[in-house]
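Participant: Show me how the following folds:
(one chain, ligands or ions: 1)
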Amino acid sequence: MSRSLLFVMLVAVVLVAVACAPPPAPAPAPAQPEQPAAAEQPPAAPEVQPASEIVLYNWSEYIDPEIYTQFKELTGIDVLEDNFSSNEEMLAKLQGGASGYALIVPSDYTVAIMIEEGMLHKLDHDNIPNLVNLSERFRNVPYDPGNVYCVPYQWGTTGIGYDSAVIDAPTSWAAIFEPDPNTPWYGRTTMLDDPRESFAAALTYLGYDINTTDEKQLQEAKEVLIRAKPGLSGYDSDTFEDLVASGENVMAHGWNGDFLVAQEDNENVAYVVPEEGGVVWVDNICIPATATPEQKLAAEMFINYLLEPEVGAQLSEYNYYASPNAAAEEILGEEFLGDPTIYPPPEVLEKLQYIEPVGEMESLYQRLWDEVKSS
Ligand code: N2P
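Facilitator: Okay, the predicted model is just below:
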């Protein structure tokens, strides 16, 4: 048994022991007069007990629900789940005062924003001994060096999923931005309901930096997004892959792992990063600053559990995203690690860019996105 699993079990045993212990007998009357020295001792800090129930605020279909059952068996702690569809939705909800979440899963650039705004708790690494399982490059990510606030959860790419029984692999973002109205599948495409992702696609198509702060370039990207609208059936970040698998749509702007999950329902679902490039992202599990000490301890125990080699492998096998956990990768094996849709080969990796925080300009992206959607 790994030392870290032992750690989680020990905490669980202590919890059960505390819960089952008989109430302490009343203290016997002191036979001796009290020692004056004893009165000078500072009172011991009360031990924090983990909350018995926590809520994880996550992207949809991003975790094997079995993991909750296993964690409950081990620790007695219930993990409930609520979902968001974009970083901006999650951020707005927390900024609007939503509390009660013990865990959230922001992407890289959003972690940077949340650290800057003081919205995250620092992690107590003593409660997360499994951090040693992370791959070296995920222990020092630029937006959170040393995993002070967050632990990388999964990573992946953004490109185009399609029904290979109906169309050839789209080689360019033109498939979405300049669709041929004369094809029978015109209008059967979705784009992500996500300001930074959708602008990243349009900016990449135009050959611009996806983190541009040049208003003229952003206006141009907005025009591209608006012109594409008649060829779309909608904006969708939660069911885009299912709509391709069911045959309702033939193409969707979306995330690699979701299309691989949909392949289980329809083997013709495929995924490609267009030749102009796409987005690469790292999602992270973090604790919002509003979490109580009890919720925070339970949340750290859950993060530590996710970092178990077997659990990390279980997570990736469920959602088909790449793992930041080197110990989990050893279990995942060659076929998984060699899948070019999950682990992009160097020639694809070099065409990918990270979304970065753009400071004050974040609100311009949001305003232009609102204009795209309402046009
Ligand atoms: C999983 C969504 C992946 C999150 N359904 C993209 N950051």
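Participant: Point out where the chain drops to low pLDDT.
Facilitator: Counting by pLDDT under 70, the chain has low-confidence residues at 1-42, 45.
Participant: show me the contacts for Met119.
Facilitator: Residues near Met119 by Cβ atoms under 8 Å, 6 or more residues apart in numbering: Leu94, Gln95, Pro288, Ala289. Bear in mind the C-beta positions are built from the backbone N, C-alpha and C, glycine included.
Participant: What residues sit buried inside the helix or strand in which Glu347 is found?
Facilitator: For Glu347, the host element (DSSP states H and E) is helix 346-349. For helix 346-349, burial by neighbour count (16 or more other Cβ atoms under 10 Å) applies to Val348.
Participant: which residues sit against it?
Facilitator: Applying Cβ under 8 Å, 6+ apart, the external contacts of helix 346-349 come out as Thr157, Val273, Val280, Pro340.
Participant: quick one: what helix or strand has the third one in it?
Facilitator: In other words, Val280. Val280 belongs to strand 278-286, assigned by DSSP H and E.
Participant: Name the next helix or strand following that strand along the chain.
Facilitator: As assigned by DSSP H and E, the chain's next helix or strand after strand 278-286 is helix 293-306.
Participant: Check which helices and strands the following helix or strand past that following helix sits against.
Facilitator: For helix 293-306, the following helix or strand on the C-terminal side (DSSP H and E) is helix 309-319. Helix 309-319 makes packing contacts with helix 66-75, strand 150-163, helix 256-263, helix 293-306, helix 326-337 when contacts are defined by 3 or more Cβ pairs under 8 Å, 6 or more residues apart in numbering; DSSP states H and E.
Participant: Find me whatever residue is spatially closest to the residue of the stretch 51-200 of the chain found nearest the ligand, sequence neighbours aside.
Facilitator: Closest contact between the stretch 51-200 of the chain and the ligand, by Cβ to the nearest ligand atom, is at Trp59 (3.8 Å). Leaving out its chain neighbours, the residue that sits closest to Trp59 by Cβ to Cβ, 6 or more residues apart in numbering is Val105, at 6.1 Å.
Participant: who touches that neighbour in this structure?
Facilitator: Counted by Cβ under 8 Å, 6+ apart, Val105 has contacts Leu56, Tyr57, Asn58, Trp59, Tyr62, Tyr153, Asp283, Asn284, Ile285, Cys286.
Participant: What residues are bridge-paired with the fourth one?
Facilitator: I take that to be Trp59. On the basis of DSSP bridges, Trp59 is bridged to Phe84.
Participant: so it makes contact with Ser85?
Facilitator: Yes. Shown here, Trp59 and Ser85 form a contact pair, counting by Cβ atoms under 8 Å, at 7.5 Å.
Participant: Same drill for these two, tell me which one is more crowded.
Facilitator: Applying other Cβ atoms under 10 Å to Trp59 and Ser85 shows that Trp59 carries more neighbours, namely 23 against 16.
Participant: Write out the residues of the stretch 51-200 of the chain neighbouring the ligand.
Facilitator: By Cβ under 6 Å from any ligand atom, the residues of the stretch 51-200 of the chain that approach the ligand are Trp59, Ser60, Glu61, Tyr62, Ser107.
Participant: number of nearby residues for the closest residue to Gln49 other than its chain neighbours?
Facilitator: Spatial nearest neighbour of Gln49, excluding adjacent residues (Cβ to Cβ, 6+ apart): Glu294 at 6.2 Å. By other Cβ under 10 Å, the residues close to Glu294 number 15.
Participant: cool, and the one 3 residues further on?
Facilitator: Applying the criterion other Cβ under 10 Å, we find 23 residues in the vicinity of Leu297.
Participant: Quick one: end-to-end distance for stretch 236-244.
Facilitator: Stretch 236-244 has an end-to-end distance of 12 Å (criterion: Cα to Cα, to the nearest Å).
Participant: Is it in proximity to the ligand?
Facilitator: No. Contact of stretch 236-244 with the ligand (Cβ under 6 Å from any ligand atom) is absent, the minimum separation being 7.5 Å.
Participant: which residues are contacting that stretch?
Facilitator: Stretch 236-244 is contacted from outside by 60-61, 83, 85-86, 161-163, 190-194, 233, 249-254, 258-259, 261-262, 265-266, 269, using Cβ under 8 Å, 6+ apart.
Participant: and what of stretch 195-211?
Facilitator: Applying Cβ under 8 Å, 6+ apart, the contact partners of stretch 195-211 are 86-88, 109, 158, 172-174, 176-177, 191-192, 212, 214, 217-218, 220-222, 224-225, 235, 253, 274, 276-279, 353, 355-356, 358, 365-366, 368-369, 372.
Participant: With stretch 306-318 instead?
Facilitator: 2, 4-5, 63-64, 66-67, 70, 128, 130-131, 133-134, 151, 153-154, 285, 305, 322-323, 325, 327-332, 336.
Participant: Put the alpha carbons of it into CSV.
Facilitator: Presented in CSV, the C-alpha positions along stretch 306-318 are these (Å, rounded to 0.1, in the frame of the first residue of the first chain):
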residue,chain,number,x,y,z
LEU,A,306,-7.1,12.2,-6.9
LEU,A,307,-3.3,12.1,-7.0
GLU,A,308,-3.2,8.4,-6.1
PRO,A,309,-1.7,6.7,-9.1
GLU,A,310,-4.7,4.4,-9.6
VAL,A,311,-7.2,7.2,-9.1
GLY,A,312,-5.3,9.5,-11.5
ALA,A,313,-5.4,6.7,-14.1
GLN,A,314,-9.1,6.1,-13.5
LEU,A,315,-9.8,9.8,-14.1
SER,A,316,-8.0,9.8,-17.4
GLU,A,317,-9.5,6.5,-18.5
TYR,A,318,-12.9,8.0,-17.8
